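Q: let's see this in three dimensions:
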Amino acid sequence: MSVLLVVVRSFRFGNAGHRALSGISHTLGARANVLSSLGAWMDTRGAWDPPEGMSLEEWRHRGTMGRDHYVRVVYRGFLFPFGHRASLIKITERKFHHKLNGNPAYLRQRMFIVVREPERSYPKTGLKTPSDESYDRQWPVVNIQITTLVTPKLDDPQLNEIATNTGQNAFWPRVNSNDFLFHLIGEDLEGNEGLILPVIAPGVSHVYHLYVVRCRHRDELRRYLADRGIATMIHYPVPPHLQSAYRGLGFGKGHFPIAEELAETSLSLPIFVGITREQVRMVTGRIREFFESAAAGREEQ
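A: Numbers count the residues shown, from 1 in each chain. This next block holds a predicted model:
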């Protein structure tokens, strides 16, 4: 799990802003747009590829008789330090308060992040420092995949800006005053992806009835641990659509690739009420040895 910084390119309206808007290749649609002396009735949406210096990429607006009741604003940005493209989405929506006298309808606002580029690659450059050291070795990651594609409702970015007056242009994403952790899968220069650990939602704790990790070399890792006296389990080796009880539905291999990948990569590590820290360190140490020995074997080849 990793804390990522959100960076959104700022944009302010002005002469330069209007010039930028005039060059946008955009799509505008309106299901309703009626003007009256009592206010506008509108149901509109605009989406475009923002030019340099502008972050606004979508605007959805619904209002009745001059009263806004749904506005969705999408800002383009990226996640630092790995550079994955992401959007900061702000939704303002009018909702009734049934528990208050008169059943009033107030505007409520929420913000969240959607990852637009889940996977990003960093190919080898072959460049070296003046002292003949490899730049690639200083950044030994060739691919990073973010599996957390949507965040929960975020705390106000204005309260978590990284510097004075950066606001939502550059902020730490937090949920309930806690840093929001993105789940990442990294691949190093040797092709190691390591383990995919269980995801923990912010503000809660896990009971860990099972401790299930995922590994593309699951069977090899399981044999390696078994040879060293560490028992593991697979929950569950056959996905439901491939079990005999569901054969009559006509599903076969390839119909549910995500379920099949989970069945092929999941491994339950030892966990029980009386497990000690020493035992945990012993298991993690053997897992580390497995990946180190696998990397060494590839280097010899």
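Q: now do the helices in the chain.
A: Using DSSP state H, the helices found in the chain span residues 15-22, 135-138, 218-227, 257-265, 277-300.
Q: next, the buried residues of the second one.
A: Looking back up the chat, that one is helix 135-138. By 16 or more other Cβ atoms under 10 Å, the buried positions in helix 135-138 come out as residue 136. Just so you know, the C-beta spots here come from the backbone N, C-alpha and C atoms, and that holds for glycine as well.
Q: quick check: residue 222 touching residue 232?
A: Yes: Residue 222 lies in contact with residue 232 (Cβ atoms under 8 Å); the separation is 5.2 Å.
Q: okay, these two: which has more neighbours?
A: Taking neighbours as other Cβ atoms under 10 Å, residue 222 and residue 232 compare with residue 222 leading, 19 against 16.
Q: check contacts around the more buried one.
A: 232, 234, 267 (Cβ atoms under 8 Å, 6 or more residues apart in numbering).
Q: go with 10 Å
A: By Cβ atoms under 10 Å, 6 or more residues apart in numbering, the contact list for residue 222 reads 215, 230, 231, 232, 233, 234, 267, 268, 290.
Q: what is the burial count for the residue lying closest to residue 197 once chain neighbours are set aside?
A: Nearest residue to residue 197 in three dimensions, chain neighbours excluded: residue 213, at 5.8 Å (Cβ to Cβ, 6 or more residues apart in numbering). By other Cβ under 10 Å, the residues close to residue 213 number 18.
Q: on that earlier part again, export the contacts of residue 222 to a markdown table and tack on pLDDT and distance to residue 91?
A: Output for the contacts of residue 222, formatted as a markdown table (pLDDT from 0 to 100; distance: Cβ to Cβ, whole Å):
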| residue | pLDDT | distance to residue 91 |
| --- | --- | --- |
| 215 | 87 | 38 |
| 230 | 96 | 48 |
| 231 | 95 | 48 |
| 232 | 96 | 44 |
| 233 | 95 | 43 |
| 234 | 95 | 41 |
| 267 | 95 | 39 |
| 268 | 95 | 39 |
| 290 | 88 | 46 |
